[in-house]
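Chemist: from the sequence below, what's the structure:
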Amino acid sequence: MRDFRSLKVWERSHHLAISIYGLPASFPKDERYGLSGQLRRSGVSIPANIAEGCGRSGEKELARFLNISLGSASELEYLLLLARDINLLDHSEFEHVSTDVIEIKKMLTSFIQKLKADS
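Modeler: This is a model prediction of the structure:
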């Protein structure tokens, strides 16, 4: 069992989730249960699955949950593109958050590869 709070990728994704949670505040009210909810769920899913994987036994289980986090990060990346393209996010908000998502995806991929190489 690992302490997820000690992982840099968890820390970065936790801060990303906090950022994502604030984004829909400027969305129209009719998006409250649509895209805004999906953005929040996928953003929170990234650090939550890292934490869950750390609570499981073995590197194989951890790698499985990191892969789930990676999928959530890809989903979030798309949802951000959609929000930008339908003018719910301005370009600067999109660029800031999107850059973070891409960096977290790289970190997750490296961590998964390291776990596979070590096993």
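Chemist: contacting residues for the nearest residue to Glu59 once chain neighbours are set aside?
Modeler: In space, and not counting its chain neighbours, Glu59 is closest to Leu115: 4.9 Å by Cβ to Cβ, 6 or more residues apart in numbering. C-beta: built from backbone N, CA, C; applies to glycine. Going by Cβ atoms under 8 Å, 6 or more residues apart in numbering, Leu115 touches 59-60, 62-63, 66.
Chemist: now pLDDT too, for those residues, in JSON lines please.
Modeler: Formatted as JSON lines, the contacts of Leu115 follow (pLDDT from 0 to 100):
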{"residue": "Glu59", "pLDDT": "92"}
{"residue": "Lys60", "pLDDT": "93"}
{"residue": "Leu62", "pLDDT": "96"}
{"residue": "Ala63", "pLDDT": "96"}
{"residue": "Leu66", "pLDDT": "98"}
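Chemist: hmm, back to that, gap between the host helix or strand of the residue nearest to Glu59 and the chain center?
Modeler: Assessed by DSSP states H and E, Leu115 sits inside helix 91-118. Here helix 91-118 is found 8 Å from its chain centre; the criterion is Cα atoms, centre = their mean, to the nearest Å.
Chemist: what is the burial count for Leu82?
Modeler: Leu82 has 14 neighbours, counted by other Cβ atoms under 10 Å.
Chemist: against Lys105, how distant is the closest residue to it other than its chain neighbours?
Modeler: Sequence neighbours aside, Leu35 is the residue nearest to Leu82 in space, at 6.9 Å (criterion: Cβ to Cβ, 6+ apart). As for Leu35, its distance to Lys105 is 20 Å (criterion: Cβ to Cβ, to the nearest Å).
Chemist: follow-up on the earlier one: show me how to select, in ChimeraX, the buried members of the contacts of Leu115.
Modeler: Selection of the buried residues among those in ChimeraX, burial being defined by 16 or more other Cβ atoms under 10 Å:
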select :62,63,66
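Chemist: which of the contacts of Leu115 sits closest to Arg41?
Modeler: Closest to Arg41 out of these is Leu66 (18.2 Å), distances taken as Cβ to Cβ.
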